[in-house]
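A.B. asks: only geometry, no sequence info:
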């Protein structure tokens, strides 16, 4: 017996979770299956829609300044001009807008940025600013268009965030405020390889720590140490380690103790804001009644007419999930493939070819693997755009331009035709294509 | 490899390059390829429940791939922090690059105990004692009432704490006055089960009535000596679906032994199990476990660590009980007509169940039964990890990890608990005072006993 649902979403990142949530809104029974943990664990937690015009990035058009592309003010103005085949061109502007509204309703107070179409500029741990459409509420007091003077606080045992360096980078980037960085020791952490979850746990549980002058609570000790360095700055930025499940409580407590706004600076992997976003999405999945299976990979599929001859692969009957050396069938009416790109391993490569490992959907690429990349490290690498080509309803297309299957849609990083890191569009593409693919799959079941 | 696939110089392009094996074939287990797969994203570290509460523990990324690289330098011993790993195996589930982290930890721990831990130390003998719980239980359960009396004495707890380093904070689980195997033999063993299964197939109008549907039950130590009601429920439920149950001779699955680096003990136990279970498979049976750490061990750790003749066959044929019924029977349909009169339960998914893709299973299935709801208490680790939380030096860590689960158990609308793992159950009871049942007990009440019989002890 197969394990049966109406819609099966394969992949547990932003695109997969959004697809599952949007399908569940259409009264379908939905299952999400995810193998290893998703790239949300590495992600900054920011939801970018379009930070840079791809033609400006490529140097073939758009606005540039000092040899660098300038951030887009309004991503929605730029979307209609994107080239054919770009995921936004496929789903259309309206779907992008709807998916953001959908995200806002799921995220609630945990995210900010829904008051405007314009990109916000959020300071990063390297002291750059990133144009983004939605950002965690914990980062909101730090946005770079806000002219208030800023104290950045780093910790000796967290070398990923060098606060003095980040502060001078910010000033060099021309932010409209004064910025200063200091480095402190973190109360309650002795070792220099403590995990970020340890920092978060100490603050969240407000554990007793030894302040040198007897025991005190971790947050009181941290506020005391920061207070001693605070001059006349009106806000304080800390690396994003201020708690896990109750980050807002930790931040507000520090604000009360310090009397100024406190914000988090998103960090590199592993990233608590990414983990919190994952938690938020999985809580929403549970509330929506989506069944979630994790830790086991989808490895293969069978078509309805398994004996049918090659060309048209028709309709997927069920997929096979490898549960520790045995293949368990999972069947659904509609399938959504949201397994990610080269990093998420939804698209893989070997010396011979680039491929999508579950359904072997067509991935266009040069036969000569020396054409997959260019020599400059930050150049226009073709591999960055590797992925599935889809029609406007997000059905993956074969080399012949025909739909690969009649009941498989694709969403998120597995799609080709865009360069997420360069144009800063990863979050928005996952949201909009996930939302559209999930909604269409859910509706198809209903019919 | 056929000859046509051998690389040749003819016709190759100038820039063609074929990889060459520069390292000699490893004589011992070589996990270097796994170490090379690590790209240091640290997702494993963010999943480690020990590192979250104890910064003395350098985390799974260090214990696995980094230690493996360090060890290639001959003068490096395994770092003693490996003994702080609780073997929850959550890092396996986390790694986006399929690094075999728990296999690395098991191997490193085995080497540490073999080469760096004194065989005369209290720690060694305490760990050996704890990891051979099955042997202790076999002796203790011969006189269960006396053993329970002695183990419950304050003086015993003080001696355990002071002499052995076994925490006095926990109360030893009581031995059943009749073990599962004693019950099974008294009931008539395989012959009685064959008859029950045949009747059930006739009653169910099962088209396979003449074929023998057969499973071999791997009960493990705990449901034999401590909770035979779980084993009885397993037998009743499988017979209800027309399966003949056999109960092969067996020893500990090995889980507590890997967790304590006692790989030789584990290998001896595994050899018996693979022999016996392999023979049952030859006879047409699949292997069913009711404990998710036992099924994990047979499915994943045996093929990772041992190489007996039937190791792979045992791994391929082993299933968790509900998982098997769900895939082989229309369990959801059957449960839709069933009901129990039971209190709602706070359900905790054991970490080892997660790694087998079993995380939503119990809540999904129980939600179909009228009269009971199972509330998921979230994805935190219970913290006890088998023998880990029994050690005096790890007790506080274990309880700090468990805090999140205790809080969630108390937040949901239930006064009793449920889980598949016997030691998670101990921790749940220890932290909340709730009584903890196994899902099979509810299935047995719903499908076999009918609603009048109630839903286990919690009702």
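C.D. replies: Thanks, I have it. Just so it is clear, the model here is predicted, and its values are computed rather than measured. Numbers count the residues shown, from 1 in each chain, chains lettered A, B, ... in the order given.

A.B. asks: any weak-confidence spans in the chain?
C.D. replies: Let's take chain A. A:306-312, A:446-447 (pLDDT under 70).

A.B. asks: try again with chain B
C.D. replies: Ranges of chain B meeting pLDDT under 70: B:1-30, B:74, B:208-210, B:450-459.

A.B. asks: domain parsing of it, as residue ranges.
C.D. replies: B:127-164, B:180-328, B:338-458 (automatic domain parsing).

A.B. asks: out of these, nearest to residue A:205?
C.D. replies: domain B:338-458 (8.0 Å; CB to CB). Backbone N, C-alpha and C define where each C-beta goes, glycine included.

A.B. asks: that closest one close to chain A?
C.D. replies: Yes: Domain B:338-458 is in contact with chain A by CB under 8 Å from any CB of the partner chain, via B:354-357, B:359-360, B:364, B:376, B:403.

A.B. asks: mind putting the domains of chain B into JSON lines with mean neighbour count and distance to residue A:357?
C.D. replies: Formatted as JSON lines, those follow (neighbours: other CB atoms under 10 Å in any protein chain shown; distance: least, CB to CB, whole Å):
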{"stretch": "domain B:127-164", "mean neighbour count": "15", "distance to residue A:357": "39"}
{"stretch": "domain B:180-328", "mean neighbour count": "21", "distance to residue A:357": "22"}
{"stretch": "domain B:338-458", "mean neighbour count": "22", "distance to residue A:357": "18"}
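
A.B. asks: out of the ones you listed, which comes closest to residue A:44?
C.D. replies: Residue A:44 sits nearest to domain B:338-458 of all the domains of chain B, at 22.4 Å, using CB to CB.

A.B. asks: related to what we said a few turns ago, mind putting the domains of chain B in a markdown table, distance to residue A:290 included?
C.D. replies: Listed next are these as a markdown table, based on distance: least, CB to CB, whole Å:
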| stretch | distance to residue A:290 |
| --- | --- |
| domain B:127-164 | 39 |
| domain B:180-328 | 18 |
| domain B:338-458 | 9 |
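
A.B. asks: stretch B:297-309 near chain A anywhere?
C.D. replies: Yes: applying CB under 8 Å from any CB, one finds stretch B:297-309 in contact with chain A at B:299-300, B:303.

A.B. asks: can you flag which of the residues you listed belong to helices?
C.D. replies: Among the residues of stretch B:297-309 next to chain A, the members falling in helices (DSSP state H) are residue B:303.

A.B. asks: any idea which of the residues of stretch B:297-309 next to chain A is closest to chain A?
C.D. replies: Nearest to chain A out of the residues of stretch B:297-309 next to chain A is residue B:299 (CB to the nearest CB; 4.0 Å).

A.B. asks: which residues touch the closest one?
C.D. replies: A:324-325, B:315, B:318, B:356 (CB atoms under 8 Å, 6 or more residues apart in numbering or on different chains).

A.B. asks: quick check: residue A:303 touching residue A:319?
C.D. replies: No: counting by CB atoms under 8 Å, residue A:303 stays clear of residue A:319, with 10.9 Å between them.

A.B. asks: pick out whichever of the two has more residues nearby.
C.D. replies: residue A:319 (25 against 16; other CB atoms under 10 Å in any protein chain shown).

A.B. asks: state the phi and psi torsions of that one.
C.D. replies: Dihedral pair for residue A:319: phi -110, psi 160, per degrees, to the nearest 10.

A.B. asks: give me the neighbour count for the residue of the stretch 101-250 of chain B found nearest chain A.
C.D. replies: Taking CB to the nearest CB as the measure, the stretch 101-250 of chain B has residue B:101 as its residue closest to chain A, at 11.4 Å. Neighbour count of residue B:101, defined by other CB under 10 Å: 27.

A.B. asks: so it makes contact with residue B:66?
C.D. replies: No: using CB under 8 Å, residue B:101 is not in contact with residue B:66, being 11.1 Å away.

A.B. asks: what sits against the residue in the stretch 101-250 of chain A that chain B sits nearest to?
C.D. replies: Nearest residue of the stretch 101-250 of chain A to chain B (CB to the nearest CB) works out as residue A:194 at 3.8 Å. For residue A:194, the contact set (CB under 8 Å, 6+ apart) comprises A:157, B:51, B:55.

A.B. asks: which residue does chain B bring closest to chain A?
C.D. replies: residue B:357 (3.3 Å).

A.B. asks: shouldn't that residue be in contact with residue A:298?
C.D. replies: No: in this structure, residue B:357 is not within contact of residue A:298 by CB under 8 Å, at 10.6 Å.

A.B. asks: any shared contact partners between these two?
C.D. replies: Joint contacts of residue B:357 and residue A:298 (CB under 8 Å, 6+ apart) are residue A:321.

A.B. asks: ok, longest strand in chain B?
C.D. replies: strand B:213-218 (DSSP state E).

A.B. asks: that strand packs against which elements?
C.D. replies: Here strand B:213-218 touches helix B:228-240, strand B:243-246, helix B:263-282, strand B:286-289, going by 3 or more CB pairs under 8 Å, 6 or more residues apart in numbering or on different chains; DSSP states H and E.

A.B. asks: ok, residues contacting that strand?
C.D. replies: Residues from elsewhere that reach strand B:213-218, judged by CB under 8 Å, 6+ apart: B:197, B:201, B:231, B:234-235, B:238, B:241-248, B:250, B:253, B:273, B:277, B:280-281, B:283-290, B:294-295, B:298, B:318, B:324.

A.B. asks: right, I'll call it a day here.
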